[in-house]
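Student: Below is the structure, and that's it, no one-letter string:
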């Protein structure tokens with residue numbers, strides 16, 4: 001499973017699971033079906049309301065019918081991503097969404113660029129160009145993503161490993177837990193703590209240090225500890241050890 005590191009404007013690096021090519025293709029297929037259904041319904045309404053003989057003879061109407069699905073697909077994607085925080089109905093069904101590479105939500109201009117470049121990524125190249133770029137680029141971006149500085153991520157992280165993979169359990173047989181209150185946390189909570197700790201060790205800057213400080217302060221309150229531990233990274237590591245011993 002590919003992951004994407006995104007550095008926010010606060011210089012904090014966040015790791016996301018990238019949406020796979022198949023997830024994005026299926027999302028686009030769902031969106032295409034929705035747009036096609038809307039197109040057919042609208043066409044039937046217009047034809048039923050007008051003179052069918054005049055419509056059939058009107059070349060301008062034929063051109064309109066030919067361009068409407070493309071324009072409709074672009075408009076649908078643009079409005080959906082703006083109104084649903086980076087999600088079309090297809091993306092919502094697949095559990096993925098669009099975000100900017102600075103960690104912010106995609107804005108009006110970002111969604112507009114993404115919609116317009118569907119012409120190149122999808123229509124003119126039958127989806128081949130977009131698929132190749134998504135499969136081969138580091139940030140899993142099609143051309144529309146590159147111009148808008150966006151990518152598509154999974155909303156739910158894929159927990160590819162358990163806590164047992166973080167530490168060697170066989171070294172903890174005689175270990176005495178120091179913080180029994182750690183039982184109140186879930187495995188996903190502990191994986192989050194592990195990821196924060198990993199981010200800090202990989203990028204030990206002021207922004208990540210502040211995240212560590214805030215996380216430890218919150219845990220100190222939840223566990224009702226008399227004071228905040230001095231060595232915060234080591235404290236988090238001990239919490240992970242304690243959780244493994246107490247819940248395995």
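Tutor: Structure received. Note that the structure is a prediction, hence the values are computed from the model and not measured. Numbers count the residues shown, from 1 in each chain.

Student: care to break this protein down by domain?
Tutor: As given by automatic domain parsing, the domain ranges for the chain are 3-154, 163-247.

Student: Mean neighbour count and mean pLDDT added to the ones you listed, as TSV?
Tutor: To be clear about C-beta, it is placed using only N, CA and C from the backbone, and glycine gets the same treatment. Shown next, in TSV, are those (neighbours: other Cβ atoms under 10 Å; pLDDT from 0 to 100):
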stretch	mean neighbour count	mean pLDDT
domain 3-154	17	83
domain 163-247	15	80
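
Student: in this structure, which residue is closest to the centre?
Tutor: residue 153 (2.3 Å; Cα atoms, centre = their mean).

Student: Let me see the ranges of the strands in this structure.
Tutor: For the chain, strands defined by DSSP state E occupy the ranges 3-7, 13-17, 96-100, 150-154.

Student: List the residues that contact the nearest residue to residue 133 once chain neighbours are set aside.
Tutor: Spatial nearest neighbour of residue 133, chain neighbours left out: residue 142 (4.8 Å); criterion: Cβ to Cβ, 6 or more residues apart in numbering. Applying Cβ atoms under 8 Å, 6 or more residues apart in numbering to residue 142 gives the contacts 117, 121, 129-130, 133-134.

Student: One more: residue 143?
Tutor: Residue 143 touches 117, 120-121, 129-130, 133, counting by Cβ under 8 Å, 6+ apart.

Student: List phi and psi for residue 204.
Tutor: Dihedral pair for residue 204: phi -80, psi 60, per degrees, to the nearest 10.
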